[in-house]
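J.: here's a sequence, model it:
(one chain, ligands or ions: 2)
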Amino acid sequence: MGEKPEFSIVVPVFNEKDCLQEMHRRVSEVMDTTGKDWEMIIIDDGSRDGSTDQIRELGKKDSRVKPVIFARNFGHQIAVTAGMDYASGNAIVIIDADLQDPPEVILQLIDKWREGYQVVYAVRGEREGESWFKTFTASFFYRLIQRITDVNIPLDTGDFRLLDRKVVNVMNSMREKHRFLRGMSAWVGFKSTGVTYKRAARFAGTTKYPLKKMLLLALNAITSFSYFPLQMATYVGFIAAGLSTVAIPIVIIMRLAGSQAFFGQATTLLAVLFLGGVQLISLGILGEYIGRIYDEVKGRPLYIISEAPERPSDKPLTGE
Ligand code: UDP
Ligand code: MG
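T.: Ligands and ions are numbered 1, 2, ... in the order given. Coordinates of the predicted model:
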């Protein structure tokens with residue numbers, strides 16, 4: 001590898017064949033105005049629509065483009081992780097391939113970086129062309145995370161951001177399997193600031209983040225940064241035990257006094273069903289955490305590469 005570029009642009013791609021050319025054109029146009037060297041790491045996250053060939057093609061035409069091709073789909077957060085592993089710039093910019101994050105905003109991120117900020121995240125001020133459902137669930141999700149996690153994740157930010165080399169080095173050393181990069185970059189700390197931008201509509205294609213993937217991301221975010229769901233069982237347990245401690249003597253006394261209240265199957269059945277439900281939910285929550293522990297213990301690589309350039313460091317290529 002030659003000289004290290006000043007900037008690395010990390011672009012995760014999953015079936016974005018109609019966006020790639022335009023993304024490359026617009027990002028290049030913007031990056032060329034910086035007057036510095038830059039590279040673009042495009043991660044093909046197991047695309048099946050011909051994006052892979054296009055990425056290889058871009059790599060051949062433009063030596064600044066470095067294709068990293070996965071053996072299968074590993075998910076957006078893992079794709080970005082691989083991009084950060086391969087990036088060698090002093091500042092790393094993560095941007096979506098669908099041009100929802102306008103490349104022009106990169107210049108504002110860079111300005112803040114030059115002022116001395118190590119994390120510059122882009123805050124979604126307005127959104128274009130997204131359903132109210134997506135906007136609503138996203139906004140709910142960010143606020144929930146904010147409330148129950150221990151790290152201060154800025155509201156309404158996605159992964160579109162600039163990270164200083166120092167931050168990326170720390171994040172690259174965190175090899176947790178269920179990754180929530182926004183949380184990780186907040187957890188790492190450093191001097192951070194935000195730049196507000198207007199999130200554009202997709203250039204082409206449809207979202208690759210269906211509800212199921214969004215829910216999974218939310219679960220990963222919560223379990224990675226909070227024990228709150230685990231503690232919920234304790235709270236509910238105390239409440240139920242407290243209530244019954246009060247209720248037991250009352251019922252005994254009423255029965256001794258000859259009262260007919262609290263007889264009947266319905267009452268018993270409801271109490272059993274309710275507690276059974278609470279117990280199953282608690283077990284499920286335990287399961288979520290145990291499953292994640294199991295994934296960590298297995299120690300499998302984060303991703304599997306089928307084609308990639310040389311890595312800036314001499315680490316093996318498997319994303320261990
Ligand atoms: N993406 C990916 N792997 C996936 C899903 C998405 O690399 O499994 C990429 C996708 O190609 C895009 C970015 O992640 O560049 C964000 O995805 P998308 O635009 O579909 O999400 P949205 O903006 O709708 O939240
Ligand atoms: Mg998008």
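J.: where do the strands sit along the chain?
T.: Secondary structure of the chain (DSSP state E): strands at 7-13, 38-44, 65-70, 91-94, 119-127, 157-164, 192-199, 305-307.
J.: same for the second one, what does it pack against?
T.: Spelled out, that is strand 38-44. Strand 38-44 is packed against strand 7-13, helix 20-32, helix 51-61, strand 65-70, helix 76-86, with contacts defined by 3 or more C-beta pairs under 8 Å, 6 or more residues apart in numbering; DSSP states H and E. Bear in mind the C-beta positions are built from the backbone N, C-alpha and C, glycine included.
J.: let's see it at 7 Å
T.: strand 7-13, helix 51-61, strand 65-70, helix 76-86 (3 or more C-beta pairs under 7 Å, 6 or more residues apart in numbering; DSSP states H and E).
J.: for the shortest one, same thing?
T.: With contacts defined as 3+ C-beta pairs under 7 Å, 6+ apart, strand 305-307 has these neighbours: strand 65-70.
J.: between helix 51-61 and the strand it packs on, find me the angle.
T.: Strand 65-70 runs at 150 degrees relative to helix 51-61, counting by axes from the mean of the first three to the mean of the last three C-alpha atoms, to 10 degrees.
J.: quick check: buried residues in stretch 161-178?
T.: 161-165, 167-168, 170-171, 177-178 (16 or more other C-beta atoms under 10 Å).
J.: within range of ligand 1, give me the residues from this protein.
T.: 12-14, 16, 45, 73, 75-76, 79, 96-98, 100, 207-209 (C-beta under 6 Å from any ligand atom).
J.: farthest-separated two in the residues you listed?
T.: For those, with distances taken as C-beta to C-beta, the pair at the greatest spread is 73 and 100 (19.7 Å).
J.: higher neighbour count, those two?
T.: Remark: of residue 73 and residue 100, residue 100 carries more neighbours, 21 against 16, as counted by other C-beta atoms under 10 Å.
J.: in CSV, list the buried residues of stretch 161-178 along with distance to residue 230 and pLDDT.
T.: What follows is the buried residues of stretch 161-178, written out as CSV (distance: C-beta to C-beta, whole Å; pLDDT from 0 to 100):
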residue, distance to residue 230, pLDDT
161, 30, 95
162, 35, 97
163, 30, 97
164, 34, 96
165, 36, 95
167, 29, 95
168, 31, 95
170, 27, 94
171, 25, 94
177, 19, 93
178, 15, 93
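J.: show me which of the residues you listed is closest to residue 278.
T.: Using C-beta to C-beta, residue 178 comes nearest to residue 278 of these, at 25.4 Å.
J.: is that closest one in contact with residue 222, as I believe?
T.: No. At 10.4 Å, residue 178 does not count as touching residue 222 under the criterion of C-beta atoms under 7 Å.
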